[in-house]
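Novice: dropping a prediction and its sequence here:
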Amino acid sequence: MAMLEVENIHSYYGNIHALKGVSLTVDEGEIVTLIGANGAGKSTTLRTITGILKPRDGRVQLDGEDLSHYKPHEIVYKGIAMVPEGRHVFARLTVSENLDMGAYSRNSKQEIADDLERMFTLFPRLKERRSQVAGTLSGGEQQMLSTARALMAHPRILLMDEPSMGLAPVLVEAIFDTIKQINKEGTTILLVEQNALMALSVANRGYVLQTGEIVLNDTVDKLKKDPTVQKAYLGME
Amino acid sequence: MQTQTPSPWKQATRYGLIGGAVAILMSLVGMVATFGQRYIVSGIFTMGQVMFLTPILIFAYMTIRRTAPQPINKVILLGALSGLSTSGVMAALVLTGQFLNLRAMFPNASPELYGILTFNQESALGLLLLLGTGLVIGGIAGGIYLLSPRMRSTLLQATTWVVLVGLLRDLIVTVSYRWGFLGNAVKALFAISGLTPLSAVILFILVGAVQYWRLERKQSAASRPTTNQKPYTRWLKLGGSALILILLPPVLGIFFSEILDNVGMYILMGLGLNIVVGFAGLLDLGYVAFFAIGAYTMGVLTSPELGFFSLTYWEALPFAMLACVLAGIFLGLPVLKMRGDYLAIVTLGFGEIVRLLALSDWLRPWLGGTQGIQRIAQPRIGDFLLNTQQELYYLFLIGIGIVAFIAWRLKDSRIGRAWMALREDEDVAMAMGINHVSTKLMAFAVGALFSGVAGTIFAAKLTSVYPHSMNFLVSINVLCLIIIGGMGSIPGVFVGSLVLIASPDLLREFAEFRYLAYGALLVAMMLTKPEGLWPEARRKLELHEDEFDSGQEPLMAMGNPDGR
């Protein structure tokens, strides 16, 4: 059985039918990517999974447990953490305080301290800046912080919403390297991206979302060879 | 954003003219004339003069700082030009006043005002005198700029002290009556109004010398490695301030105790609102409602006049506290989804609803309507009834001690961190696993509780409550004191209350211009020290971070070149 199962969800913004029956599964240890153009419903899918948006129909299951009765903050305790689009670090708090906030759902001081050390080995840059106010970090550093903050919740599955947005190509590569690293250390990842080329290079499987519907669903290698994907998302003729 | 800098002379004139406008405003609202008879130094110098000479000095000084660096003689000349422009504007006011009757529009444009502005001389001579004074004071501002920072601060401190002591002459003399022979010595320092010239000079030199010596010590302390004697001196300081706080009422007498009680009441409310606004970032403009609920619950439960209950103060206190917590939650529930401006408006309405309910005829049998509730019980400890201002002071002191301790502990607790996260970004806070409903309600409830405690002591102090003391302005005052003290800062609440609540009570003449002064103070604060007088460490970090490159607040970066 898959770890995360999204079954036929229909989500609305008011009267706008944003997701028209999206289904996807993520298995333990995988990196799964969800690609699509602007407005395809990628972020909406993530918002529905984290419980911020309640679907009118369909359901989200984690390890077979239906999540629809949980509030957004309770879903964190279930083991789903999100790196929000546009990073959203607590700009007026320091780097260490941001990381502390990430561990809000946990109790064991020892485990939190260990994870903090792990974050600092994963992102040495954050260690240098630990007492600096997060708003003063560069975009790339904020992305690292946002990722580290989500990992501090010690999630079983990490949802990442456009981690490459607004970053220089060099930084994008660094971010994707860390994604692979995080995954190697045992965290399952659902990655939402517009940068399809990068996303397909790190993921195991991918879904292509178009105007609220999944139109393609395959392994990365097959998706890369698919003519429509090549044309629409990889810029090849 | 480098534009071509205008010539310094032009800038000097411009700043001078702005200073003139400020001086005219102060004259026409009546501040100068009201203080015209208040001597700082007997027979020589009145507060009225201070009021219209200060703008000249301040704006000349600002001119020089903005046009710096300039050669020495140019600095003096620029200051003089700015001063001349300021006094020129005032001279124009006096001249206009000779030909036109301005009193129809500005009741304060009286002959007395013109007399003060022209130093009580005949028109032509007076005008020349005024212009000359502007010139000289502007020049002096230039001179001050050229002094070392240490000398400058010494002069500023000494002058401020002389002005303050002179102003507070009546109060000091009244209080000193209680001190026996020491009182006579104090009295000898003062004239009928203000200081005698000799004691003014002595005070000036004394304060100046002390300040000069202190700065010297600070400098050498900075260069020397700090020796390890900290814990001992810290306890000594703590014990000393505790002793002073305990001894204050008997030493200062009833008038000051009344002021201290007032300040204490606002500190209690400030600590509460600081949690709601400062920690959790929920802008509450109806905060007085909880104060009213605390006071009225105390009234209803203890006053035999209404004939429901006649509990003692201590028996009623837990009920009053409970009522406030419930009211906090009751207000919190419908506004959970609101943020910022919307929340402010709703809470404002809530405050008014509570006041109007207390005032209404509908609830008159229970709450007394316009007549309010009388004969409220006062707290009794053993056989001892706390009923004078001096005795109630200790009740405030204990209350503040407990509440400040709770607030301080809450700040670094788990819930404190949740408040902080919620204030910064509600959506992300939820994604961290923070329950925004209970966290927000907790902030409202704790804030309401603290305010309610203040309300109960207030009711006990007056032994009565009236709906008109539950004014909207109370909420505004509490909010202002938090902003001035520093958002989210606990010591800031104390500083803010002392500045905003004590000063108008000490200077009755000022009370008339209270809100004008508040407004000016708030504007000045936001421009030069937006983090407050005693800011929380975090706010300071965030507003004065040198690498803050988002360019959000260029004004603040500009306002702090000398780090004042």
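Specialist: Good, I have the coordinates.

Novice: tell me the centre residue of chain A?
Specialist: A:Met160 (1.6 Å; CA atoms, centre = their mean).

Novice: can you list contacts of the helix or strand containing that one?
Specialist: Applying DSSP states H and E as the criterion places A:Met160 in strand A:157-161. With contacts defined as CB atoms under 8 Å, 6 or more residues apart in numbering or on different chains, strand A:157-161 is touched by A:3-4, A:26, A:42-43, A:46, A:49-50, A:62, A:79-85, A:147, A:150-151, A:179, A:182, A:187-192. All C-beta spots, glycine's among them, are computed from the backbone N, C-alpha and C.

Novice: repeat that for 7 Å
Specialist: By CB atoms under 7 Å, 6 or more residues apart in numbering or on different chains, the list of residues contacting strand A:157-161 from outside reads A:3-4, A:26, A:43, A:46, A:49-50, A:79-85, A:150-151, A:182, A:187-192.

Novice: swap in stretch B:196-208?
Specialist: Here stretch B:196-208 makes contact (CB under 7 Å, 6+ apart) with B:41-42, B:44, B:154, B:157-158, B:161-162, B:165-166, B:189-190, B:195.

Novice: kindly report the domain assignment for chain B.
Specialist: Annotated domains of chain B cover B:9-146, B:149-219, B:252-498 [automatic domain parsing].

Novice: looking at the chain, which helix or strand does the model trust least?
Specialist: Just going to use chain A. The helix or strand of chain A with the poorest confidence is helix A:227-232; it has a mean of 86 (mean pLDDT, DSSP states H and E).

Novice: switch to chain B, please.
Specialist: Scoring the helices and strands of chain B by mean pLDDT, DSSP H and E places helix B:554-559 at the bottom, with a mean of 36.

Novice: about what we covered before: what subset of the contacts of strand A:157-161 is also close to chain B?
Specialist: Among those, the ones lying near chain B by CB under 7 Å from any CB of the partner chain are A:Thr50, A:Met82, A:Pro84.

Novice: quick check, nearest of those residues to chain B?
Specialist: Checking those against chain B with CB to the nearest CB, the nearest one is A:Met82 at 5.4 Å.

Novice: in three-state terms, how would the closest one be classified?
Specialist: When classified by DSSP: H, G, I helix; E, B strand; the rest coil, A:Met82 comes out as strand.

Novice: give me the number of residues near the nearest residue to it once chain neighbours are set aside?
Specialist: With sequence-adjacent residues excluded and distances taken as CB to CB, 6 or more residues apart in numbering or on different chains, A:Met82 is closest to A:Leu159, at 4.3 Å. Applying other CB atoms under 10 Å in any protein chain shown, we find 25 residues neighbouring A:Leu159.

Novice: for the one 10 residues further on, same thing?
Specialist: Close neighbours of A:Pro169, defined as other CB under 10 Å, add up to 10.

Novice: any idea which helix is longest in chain A?
Specialist: The longest helix of chain A (DSSP state H) is helix A:169-184.

Novice: list the contacts of that one.
Specialist: Under CB under 7 Å, 6+ apart, the answer for helix A:169-184 is A:31, A:122, A:140, A:143, A:147, A:151, A:158, A:163-164, A:167, A:189, A:191, A:195, A:198, A:202.

Novice: what are the boundaries of the strands in chain A?
Specialist: Counting by DSSP state E, chain A has strands at residues A:4-13, A:16-26, A:31-36, A:57-62, A:65-66, A:80-83, A:157-161, A:188-193, A:205-210, A:213-219.
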